[in-house]
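Novice: could you work out the structure for the sequence below:
(2 chains)
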Amino acid sequence: MGEIVKLKLSEKSCELPFKAGETFIELAEKAGIEESCGVLVDGELVDLRDCPVGGEEIEFVDYEDEAGKHVYWHTASHVLAHAMKYYMDGDLKLAIGPATGEGFYYDFELPRTLSESELERLEAIIKQIIQRDISIERYSCSKAEATAKFKENSASYKLELLDDIEGEPTFYRQADFEDLCSGPHLLSTGQLGVVKLTKLAGAYWRGDENGPMLQRVYGIAFKTEEELDLYEERLAEAKKRDHRKLGQELDLFQVDDSVGPGLIIWHPRGAEIRQTIEDHWRRRHRAEGYRTVMTPHLAQEELWKISGHLDHYEENMFPRMELDDTNYRVKPMNCPFHMKIFNSQTRSYRDLPLRYAELGTVYRYEKSGVLHGLLRVRGFTQDDAHIFCQPEQLEGELISLLEFTTEMLATFGFNDYEIFVSTRPDDYVGTEDRWELATESLKKALETAGLDYKIDPGEGVYYGPKIDLKIRDSLDREWQCSTIQVDFNIPERFDVAYVDNDGEEKRPIMIHRALFGSLERFFGCLVEHYGGAFPPWLAPTPIWILPIDSANQEYAQKVADKFAEAGINSRIEPATDSLGKRLRLAITQKIPYAVIVGSDEEESGKIELRTYGETSSNSLELEIAVEKISQIIADRAPIKPV
RNA sequence: GCCGAGGUAGCUCAGUGGUAGAGCGCGUCCAUGGUAAGGAUGAGGUCGUGGGUUCAAAUCCCAUCCUCGGCUCCA
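Specialist: Down below sits the predicted model:
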């Protein structure tokens, strides 16, 4: 009695006394907090059933908070498992059922395959469990008791989980359902609003592809039906931005069965956008001191034996071709060729850093189940470069490289990405101290650049650690685009060396880097980022000219010529269809500017200009329009009214 | 690669044992129009592919390819 916990309650903070043995539930009551999902104790999420010790800072969280949502969804996953137990008459094995970033899932071993049509019936059972408002109790027991219980129920997955638990395992029980779980959980099922089961999938037990395949049910829970509706609307909106859908609608690219899975055919409009991206890329690389090179698509297999790719990634390479008693491979990487260029002369320390860049098209055999539009393909063009430098130049190169990367992405409107440092994998070559050094220099460069990052343990490439930059797609999936990799190994394998100022031959350090990653993937992300409405500088045809009447065709041509003189591509949609129809087409094709010209405009030398996203046009002098749009393109600015 | 769901006209989709459908798009003709679909008419499909069951298969069964959602993987 009389002990104090500090309580943070929204903006106000106060201090609350509590008695020994009092739980957070009682504390919440005292503080007048009605609905809470859990409690953050000095920032750590804790079950409401726990007791404070005194002196800590606590904050009750509800569904509005990220931590609260986590508890809410986690409980929903237990309710799903509870419903599944009824649905399968108890004939099932439970694996795991965590909350995710958006919702939850539960993995089951079931006596038969579940079909999507059954999800609705499961939802109905879930609804009943919620309506019964079953109180959820927590208890713990000894490991031996838990083991005995699981053995009796032949709960083999739970038994395995038990092995990893230190101390007493805890259980959460709601009526005739209980689950081994560290929590935290809500206090009763009635606290849940509406649970929606979203998809069905297979998942390997513990992510091991040699292990058993379980059935995973995904779901999400909300306080109200209205929130669920909003979520579904948001999802539908996101699907409209899907690059595969837009690629079809805007005639950007295709993937054709008879050509091959994961092989992209770029249509004119897609190819024109890509050209603009590549032109910008070349210009910027020249300015940053890169020399561009070009290398073959095929080479003798020996090259990849030397580089180590054959040892480490053969299963991801297309099979060998035998030509004149020599084995060839389609290239999965550009690096060996760049080594050859370096080695074509004796290099001096004065030559370093030496930067070779290539838009190099590579082919990798990706497993069929992983292909995904432009984002995961079998043939793609890397904006690859290899930088050879002296050890003392590494830091500086990395720092300027990060600056270059972020600038390049920002040009295309990407300011929102996650950065990861991938550390040494099990399957590595080289010495540990070199790995350490390389990893530290990557971290230091990020810190100098003031960029936040996460560690991706063991996710490095076999030859060195890397910085990856990941961009999210319209459905919130992350895709690695930019990558910067330090490599002490491949230079050694190719015996790459320079003569230092002391006359000694020394090994340069190499950086592999790709800013876009692959042009295919980057373009896919770009389509989704802009929702297909490309800014005028990227749009293949930023202007459509719509003459009102056939009689205005000549003036339309004059307008087109004026834009062409300024280097702006436009196209005339002749008056064979109604103006309304042609305008609608321009809008659905997400053309930045529709220019409408009739007899009025012809007489006054003006145009009507309607900007994408606006509901009306404005009248302006042709010369002024050309000048202003030229400026917008030169600035690489987003679509905006003129 | 694994689990599940799908592949019908150029596109989006309906048809679930009995002679292949719609809308959009495309062609032709009419209409010459002022800010998101003018009217008429025509062409277009061995229903992913290969087997099987059946008097009869887009429809049922098997295999296979591809796509989608996950899982595993991703130099």
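
Novice: where in chain A is pLDDT low?
Specialist: A:1-2, A:9-12 (pLDDT under 70).

Novice: buried set for the longest helix that it contains?
Specialist: Secondary structure of chain A per DSSP state H: the longest helix is helix A:66-87. Neighbour-count burial for helix A:66-87 flags A:67-85, A:87 (criterion: 16 or more other C-beta atoms under 10 Å). For glycine as for every other residue, the C-beta is placed from the backbone atoms N, C-alpha and C.

Novice: following it, which helix or strand shows up next?
Specialist: Scanning forward in sequence from helix A:66-87 by DSSP states H and E, the next helix or strand is strand A:93-94.

Novice: partner strands of that following strand and their direction?
Specialist: Applying DSSP bridges to the sheet, strand A:93-94 is found paired with strand A:103-109 (antiparallel).

Novice: give me the residues contacting the following helix or strand past the partner strand.
Specialist: Once the chain leaves strand A:103-109, the next helix or strand it forms, by DSSP H and E, is helix A:119-131. With contacts defined as C-beta atoms under 8 Å, 6 or more residues apart in numbering, helix A:119-131 is touched by A:76, A:79-80, A:82-84, A:86-87, A:174, A:189-190, A:192-197, A:200, A:217.

Novice: distance check, the closest residue in space to residue A:154 that isn't next to it in sequence against residue A:298.
Specialist: Spatial nearest neighbour of residue A:154, chain neighbours left out: residue A:93 (7.6 Å); criterion: C-beta to C-beta, 6 or more residues apart in numbering. Distance of residue A:93 to residue A:298, computed by C-beta to C-beta, to the nearest Å: 50 Å.

Novice: and the two? which has more neighbours close in?
Specialist: Counted by other C-beta atoms under 10 Å, residue A:93 and residue A:298 do not tie: residue A:93 has more neighbours, with 19 against 11.

Novice: is that one in contact with residue A:156, as I believe?
Specialist: Yes. Here residue A:93 reaches residue A:156: they are 6.5 Å apart, a contact under C-beta atoms under 8 Å.

Novice: show me what contacts the residue nearest to residue A:154?
Specialist: A:108-109, A:154-157.

Novice: next, see if the host helix or strand of residue A:231 gets close to RNA strand B.
Specialist: Element membership for residue A:231 (DSSP H and E) is helix A:225-240. No. Using C-beta under 7 Å from any atom of the strand, helix A:225-240 stays clear of RNA strand B, with a minimum separation of 8.7 Å.

Novice: all the helices of the stretch 451-600 of chain A, in order from the start?
Specialist: Applying DSSP state H, counting those that start in this stretch to the stretch 451-600 of chain A gives helices spanning A:490-493, A:519-530, A:553-565, A:579-588, A:599-604.

Novice: what helices or strands is the last one leaning on?
Specialist: When contacts are defined as 3 or more C-beta pairs under 8 Å, 6 or more residues apart in numbering; DSSP states H and E, helix A:599-604 packs onto strand A:606-611.

Novice: closest to residue A:634 among the contacts of residue A:93?
Specialist: Checking those against residue A:634 by C-beta to C-beta gives residue A:108 as the nearest, at 58.4 Å.

Novice: how close does that closest one get to residue A:97?
Specialist: 9 Å.

Novice: what residues are shared contacts of the two?
Specialist: residue A:81.

Novice: doesn't residue A:47 make contact with residue A:183?
Specialist: Yes. Here residue A:183 reaches residue A:47: they are 4.8 Å apart, a contact under C-beta under 8 Å.
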